[in-house]
Every structure is written in structure tokens, then in C-alpha cells.
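Undergrad: below is the sequence, then the predicted model.
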Amino acid sequence: MKYCLIGERLSHSYSAEIHAKCGLTYTLREIPRDKIKNFLKEGYDGFNVTIPYKQDIIPYLDGLADSAAAIGAVNTVVKKDGGYYGYNTDAEGMRYALKRKGIDICGKKVMILGSGGTSRTAAALCKAENAEFCVVVSRSGAVNYQNCYDFKDTEIIINATPVGMFPNAGESPVDLSRFSNLKGVFDCIYNPFKTALIIQADKLGITCSDGLPMLVKQATEAQKIWGFCADDGKTEELINSLYLDKANVVLIGMPSCGKSAVGKAVASLLGKKFIDTDAEIYNATGKTPAEIIETDGERAFRDTETEIIKKFAYLGGAVIATGGGAVLREENVSALKSNGVVFYLRRDISLLTAAGRPLSKEKGIAKLFEERKALYERAADLTADNNDDIASCAEKIARAFNNYEFNPKI
């Protein structure tokens, strides 16, 4: 039996990995819109549909389930009785993602950002879950991104736009601080895990979730339609597995605290690629960080460092060793946390060296440490001490990463 995902651009899709972890033969099929009818002749037992074809597929199907008819979009198709029938498991995926975080939309004032297919899914869910009211924000609608702040009593925000998604990560559709009654935020985006919207929600203490649980749940619901059994236990197992596969391990800390050596060892233990941002700066410029600082000044170095951090932080699946001053810019920290678990690698000051490090020489190690200590602690998700051997430190970090709860179920 064979299954696939059809869409226009699928290079960043996780669907094949999700279904492969369940033992299905599943591929990605990028096809042009005018080839959809021909595709149906290839005899797939079932397939998923993603943007922009969730509505385009409907005229070619032999029937629609109530779930698809209510939303007006299809994301799952099964072959039965000699024909193809369309379903929509996105709403169930969204319902699951919200409820696993305790975000209840029943009786709540909900704001949906975006007016596309995912927005229709959210609107259908709001209706089914008896939200008090649901307002849809669009760029040119009656409620737009300028006047949406008039709805100050909004309790739940669902982002159904691609704003903040890789490769345009770092952007946010709205400023959450302007909604004084906000109780929950759900971002349908799953790449990166922590969009700018999610990072702000977290800082404000608002219950929030990224879109990966929705992605996985809609996939396991599709499998049920295809005749496979995937319960919530399997769904949670898949969610955690994908977080571990896609997330970065990020090492921050003082110059000469051992980030590169420990990072290489952690990468080997976890089977991830290793990235040293200082080495990548040299690859990009032909100069070491010290040479850039000495010839062009610290600001020029920091600008280059930020470019490199953003380039690699959003890709995921790596161990990233940063320069000692990476935490000096909040935009660096946000990028590193978007797909990463940030470890503050601590080392006794007596073991640090200023050799080859112009800023450590200029200010002195003790003073530099006092300036940055609070920044390291604020940016870190976890800490690790590197005062003994590299191997034991790396093992502790790898173990802590494997046990980390990325988006814990409430």
C-alpha cells in the first residue's frame, strides 16, 4: 500500500518522517495544479493534501465527509469502493493541540489571524466548540492588523497565517502585549517551534503552543481513515520524537568555557551535525572573530555574528556552539531559542583564558563575566558545568536534552 502528500512546495514538510515512523510507505509529491486529475490515476491507496490544493482537489473526488464539507477543504483522501473520498483532519488536530495545553475556547472570545484555509479550520472549530464569538483578522478585511487591537477583551488568539514561518522567521503578526485579557495563544506554525509570537506569549506568561502537535495529530487521524490504528499515546510519542529530531542543542557561555569541544562531543552522542558560529564567521568572511574586532571593530563583528546565528538557528537538527558575546543581542537569543534548547555552559573563572580573545584581554575575564552572567542565565533553558572532563559534561547535556519537555502536555 502506498501513500503520499501532494502540494506545490514540500521541501520543508515533516509529513514523510511522521508516517515513516509509523511504518507507512509515504512520499512527497510536488505537482502543478493542472496535473491533479492525472495524479489520481496513479492508484494511491490514500494521500494527504496541503496548500494550495485543499480546495482544488474537491471537484475530482467522489464524495466528502462531513468534516471536509463543513470546512470546505480536504487534507486527507482515501480510496474506497472504487473512488476517492475526502476528509479533513486538521480541525481534530487543532482541537487536540489546544486541549493538550489546556486552552479552552468554549465560551471564549477568539481572534483568528488570517483568512485562508487554516483560518476556516479554526473558525469551524470555534463554532463546534461553542466559542462566545470569533473574529477573523485579514490584511484588507473589516478587521485588519491595524484595528484588531480594538478587540481588547480577546481571550484566545489563533495564528493561521504564515507570518513567522521559516525562512521568514522572527516576524510576528501582532503585538500580544496590547491584548490585556489574553489567556491562550496557538500558532499553527511548526517551523520554527518557537515563533516570535510564541516567544512573546511565553515571556508574558500566556499559555501557548506551537503547531507541531496539530501536525502530528492530523497525521495520525489520517492514518485511522486509511485503516491504521494510532492512539493518543502514539501521537505523543511522535510529537516528542520530532522535537528531538528537529531541535538544536545550543551552547552559550564565556569565551574559553569549552563550548566547541563539548559541542562536538554532544553532536557525536546525539547524531547531530555540529556548527561553530565562530568557525562559520571565518568561512563567510575569511577572518577570525578576533581579526574582525581588531580591524573593523566590535559592532561589525556583532553584525556578522547575528547573520550567521540566524542562518543556522532556524535550520534545526544541530548542536550549535556560539561565541561568548552572542547573548548581547536579544535578536540572537530569540533566534537561538526558536528551534533550540539553550544550555549555559559554566566554567570556573580560574579555568578561563584570554588568549586570542581581544575583548577578554581588554576588559579582563572577571569584569566580562560580571557583565554577561545575568544574560547567560536569562537566555538559558538549562545549565551544565564544564570543570572536569569533556566527555562527562557532554553526556550530561545529551541526557538532559533527551529528557527535555519541549511543549509539555498539561
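TA: Nice, I can see it.
Undergrad: correct me if wrong: Lys361 contacts Ala354.
TA: Yes. Contact criterion C-beta atoms under 8 Å: Lys361 and Ala354 qualify, at 4.6 Å. Any C-beta I mention is one placed from the backbone N, CA and C, and that applies to glycine too.
Undergrad: neighbour count for the two, which is higher?
TA: A count of neighbours by other C-beta atoms under 10 Å puts Ala354 above the other of Lys361 and Ala354, at 16 against 13.
Undergrad: so what's that one closest to, chain neighbours aside?
TA: In space, and not counting its chain neighbours, Ala354 is closest to Ser360: 3.8 Å by C-beta to C-beta, 6 or more residues apart in numbering.
Undergrad: average pLDDT for the helix or strand that neighbour falls within, rounded please.
TA: Using DSSP states H and E, Ser360 sits in helix 358-363. Here helix 358-363 scores 77 as its mean pLDDT.
Undergrad: for stretch 323-335, same thing?
TA: Rounded mean pLDDT across stretch 323-335 is 95.
Undergrad: got the end-to-end distance for that stretch?
TA: End-to-end distance for stretch 323-335: 14 Å, by C-alpha to C-alpha, to the nearest Å.
Undergrad: for that stretch, buried residues please.
TA: 323-329, 332-335 (16 or more other C-beta atoms under 10 Å).
Undergrad: most widely separated two among the residues you listed?
TA: Gly324 and Ser334 (18.4 Å; C-beta to C-beta).
Undergrad: filter the buried residues of stretch 323-335 down to just the ones in helices.
TA: 332-335 (DSSP state H).
Undergrad: quote the end-to-end distance of stretch 317-335.
TA: 14 Å.
Undergrad: do the same with stretch 199-214
TA: End residues of stretch 199-214 are separated by 18 Å (C-alpha to C-alpha).
Undergrad: just checking, what packs against the helix or strand where Phe401 lies?
TA: Phe401 belongs to helix 390-402 when assigned by DSSP H and E. Applying 3 or more C-beta pairs under 8 Å, 6 or more residues apart in numbering; DSSP states H and E, one finds that helix 390-402 contacts strand 248-252, helix 259-270, strand 340-346, strand 382-385.
Undergrad: what sits up against that helix?
TA: 244, 247, 249, 251, 258, 261-262, 265-266, 268-270, 341, 343, 345, 382, 384-386 (C-beta atoms under 8 Å, 6 or more residues apart in numbering).
Undergrad: now it and strand 340-346, what's the angle there?
TA: 150 degrees (axes from the mean of the first three to the mean of the last three C-alpha atoms, to 10 degrees).
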